[in-house]
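A.B. asks: Fold the following and give me the result.
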Amino acid sequence: MKRVHFIAIGGSAMHNLAIALHLKGYQVSGSDDEIFEPSKSRLLNYGLLPEGIGWFEEKITLDLDAIILGMHARDDNPELLKAQALGLKIFSYPEFLYEQSKNKTRIVIGGSHGKTTITAMILHAMQHLNIACDYMVGARLEGFEVMVKLTEEAPFMVIEGDEYLTSPIDRRPKFHLYLPDIAIISGIAWDHINVFPTWDMYVDQFRKFIHLIQPQGSLIYTRNDETLVNLAENEFPNLRKFGYLPVEHRIDAQGITHITEDGMDIPLKIFGLHNLMNLKAAQLACEQIGITKIDFFNAISTFKGASNRLELVAENENTKVFKDFAHSPSKLKATTNAVKEQFKNRKLVACMELHTFSSLNSEFLSQYHGAMNLADEALVYFNPHTIEHKKLKPISIDEVKQHFGRADLKVFTSSTELQNYLLNIDYTSKNLLIMTSGNLDGVNLKTFGEQICSKGL
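C.D. replies: Predicted coordinates for the structure are as follows:
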């Protein structure tokens, strides 16, 4: 039985991999200098929570078969230095996933947006059709115990391919390490400017990703992204490729219906043009491994979406409250447009939090111009202390208004003031959409949505 030690076990991805290896029969240990919920409770539930918080060199011994190093750790981490001195095998998170899947058919989903949803759609269809697969996905999915699953017998591995850095000692993007047999790119929209300070540098990561597709492999890519189309069709003319647009559909008050090639209607539980794009990408990937269109769409008719991706958190007869992980300009625009398009008879209050390094960078803010224009009322929140913590140049309320391109944009720097404002809106025939990769500084968004929907009832 292999013995594996995690340096920075508390991370979202790391603790899920630790649980997956524990379930596979590995002896797992780990350390971290901070572990938050839900990682803490989940590690405790599986008997993997470290006894003490901090780094402990004595945990690193020659008895270990491997070290898995998380991005949260620094390159001078004492456990890492001890492991290097002892000559132990040190894997990054994506390196270890590849090691576990190198004899499987790997479906890798990349792109600046939609990765989690496409991955979830593929997994939903495969589970519905009883097709064994391993996976790594960036959100909790209904019907799946963990976010990472590793087995010996499954012939497929479905991997959400993040373009962010691999580890403190490996500066490659994570998705460069997976070597896909079937690759999906959902679109390219500049992000992570702290790592890729220019647009060309960012695009080049996707160029390299395509180069890494294995012999006889295939690329599935969206046709509504000019940069990606030029990249795929002009630079890789001999690659097996499948360009896609949204599935055929009808939108009405009841929701979205997929119209099959033979005219049959299949009602869907998802909505939004971006999700219809994601759906087509997932269908094409499943087709590559032998799943027919009709089997795929029958399976996907019960798919409700991934956690935090346009998730309905509360509703009453007058309003619905959604939360979404959207934080980049392209995600903001797609999600805002999706809610407005689906609920044409309701006004939309859209609120987003500037939370990531890129979104809080004054040089990147101009990318948000027009991103929330379809909302009837648009609000933006940011915490100046977060900017200070990230050691970024301060931004002003006027600067945010100017870059979003809406004179009526309301900008808040106090979470309490934002909550009070949102609670005092009359939501009759209005929906609320909250978009953030954080939580508005400690707000339970589900509870907050329920509070809004309970007003006046």
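A.B. asks: which stretches of the stretch 201-350 of the chain form strands?
C.D. replies: 218-222, 240-244, 249-252, 255-259, 265-268, 311-315, 320-324, 347-353 (DSSP state E, counting those that start in this stretch).
A.B. asks: how about CSV for those strands, with mean neighbour count, distance to residue 59 and mean pLDDT added?
C.D. replies: For the C-beta atoms, the positions are set from N, CA and C on the backbone; glycine is no exception. Shown next, in CSV, are those (neighbours: other C-beta atoms under 10 Å; distance: least, C-beta to C-beta, whole Å; pLDDT from 0 to 100):
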stretch, mean neighbour count, distance to residue 59, mean pLDDT
strand 218-222, 23, 42, 98
strand 240-244, 17, 46, 97
strand 249-252, 13, 53, 82
strand 255-259, 17, 51, 86
strand 265-268, 14, 49, 91
strand 311-315, 17, 38, 94
strand 320-324, 24, 38, 95
strand 347-353, 23, 37, 97
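A.B. asks: could you dump the ones you listed to JSON lines with distance to residue 277?
C.D. replies: Below are those laid out as JSON lines (distance: least, C-beta to C-beta, whole Å):
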{"stretch": "strand 218-222", "distance to residue 277": "6"}
{"stretch": "strand 240-244", "distance to residue 277": "7"}
{"stretch": "strand 249-252", "distance to residue 277": "11"}
{"stretch": "strand 255-259", "distance to residue 277": "12"}
{"stretch": "strand 265-268", "distance to residue 277": "13"}
{"stretch": "strand 311-315", "distance to residue 277": "19"}
{"stretch": "strand 320-324", "distance to residue 277": "16"}
{"stretch": "strand 347-353", "distance to residue 277": "20"}
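A.B. asks: Any idea which of the ones you listed gets closest to residue 140?
C.D. replies: Taking C-beta to C-beta, strand 311-315 is the member of the strands of the stretch 201-350 of the chain nearest to residue 140, at 10.7 Å.
A.B. asks: tell me what that closest one is packed against?
C.D. replies: Packed against strand 311-315, as judged by 3 or more C-beta pairs under 8 Å, 6 or more residues apart in numbering; DSSP states H and E, are the following elements: strand 320-324, helix 445-454.
A.B. asks: Distance to residue 89 added to those, as CSV?
C.D. replies: Shown next, in CSV, are the helices and strands packed on strand 311-315 (distance: least, C-beta to C-beta, whole Å):
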stretch, distance to residue 89
strand 320-324, 39
helix 445-454, 41
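A.B. asks: For residue 139, find the nearest of the ones you listed.
C.D. replies: Nearest to residue 139, of the helices and strands packed on strand 311-315 and by C-beta to C-beta, is strand 320-324 at 11.5 Å.
A.B. asks: what's in contact with the closest one?
C.D. replies: By C-beta atoms under 8 Å, 6 or more residues apart in numbering, the list of residues contacting strand 320-324 from outside reads 308-315, 331, 335, 339, 343, 431-436, 445-446, 448-449, 452-453.
A.B. asks: Domain parsing of this protein, as residue ranges.
C.D. replies: For the chain, automatic domain parsing gives the domain ranges 3-88, 96-300, 311-454.
A.B. asks: what's the spacing between the residue nearest the centre of the chain and residue 246?
C.D. replies: Centroid check for the chain by C-alpha atoms, centre = their mean gives residue 116 as the closest residue, at 4.5 Å. Counting by C-beta to C-beta, to the nearest Å, the separation of residue 116 from residue 246 is 18 Å.
A.B. asks: How about residue 343?
C.D. replies: Distance from residue 343 to residue 246, by C-beta to C-beta: 19 Å.
A.B. asks: what are the phi and psi angles of residue 148?
C.D. replies: When read as degrees, to the nearest 10, the backbone of residue 148 gives phi -130, psi 130.
A.B. asks: quick one on the thing from earlier: next, the angle strand 218-222 makes with the strand or helix carrying the residue nearest to the centre of the chain.
C.D. replies: Per DSSP states H and E: residue 116 is located in helix 115-128. Note on geometry: by axes from the mean of the first three to the mean of the last three C-alpha atoms, to 10 degrees, helix 115-128 and strand 218-222 are set 120 degrees apart in direction.
A.B. asks: which secondary structure elements does helix 115-128 contact?
C.D. replies: strand 105-110, strand 133-136, strand 156-160, helix 273-288, helix 293-300.
A.B. asks: which one of the ones you listed is the most hemmed in?
C.D. replies: Across the helices and strands packed on helix 115-128, averaging neighbours per residue (mean count of other C-beta atoms under 10 Å) puts strand 105-110 on top, at a mean of 27.
A.B. asks: residues in contact with it?
C.D. replies: Residues from elsewhere that reach strand 105-110 (C-beta under 8 Å, 6+ apart): 115, 118-119, 122, 155-161, 163, 175, 178-186, 206, 209, 214, 281, 285, 288-289.
A.B. asks: partners of that strand in the sheet?
C.D. replies: strand 156-160 (parallel), strand 182-185 (parallel) (DSSP bridges).
A.B. asks: Quick check: mean pLDDT of the last one?
C.D. replies: What that stands for is strand 182-185. Averaged over strand 182-185, pLDDT sits at 98.
A.B. asks: Distance check, residue 345 against residue 441.
C.D. replies: Applying C-beta to C-beta to residue 345 and residue 441 gives a distance of 33 Å.
A.B. asks: If you count surrounding residues, which of the two has more?
C.D. replies: More crowded of residue 345 and residue 441, by other C-beta atoms under 10 Å: residue 441, with 18 against 6.
A.B. asks: That one - that's part of a helix, no?
C.D. replies: No. Applying DSSP: H, G, I helix; E, B strand; the rest coil, one finds residue 441 to be coil, outside a helix.
A.B. asks: For the closest residue to it other than its chain neighbours, grab the count of nearby residues.
C.D. replies: Leaving aside its sequence neighbours, residue 441 sits nearest to residue 415 (C-beta to C-beta, 6 or more residues apart in numbering; 4.2 Å). Burial measure for residue 415: 16 neighbouring residues, criterion other C-beta under 10 Å.
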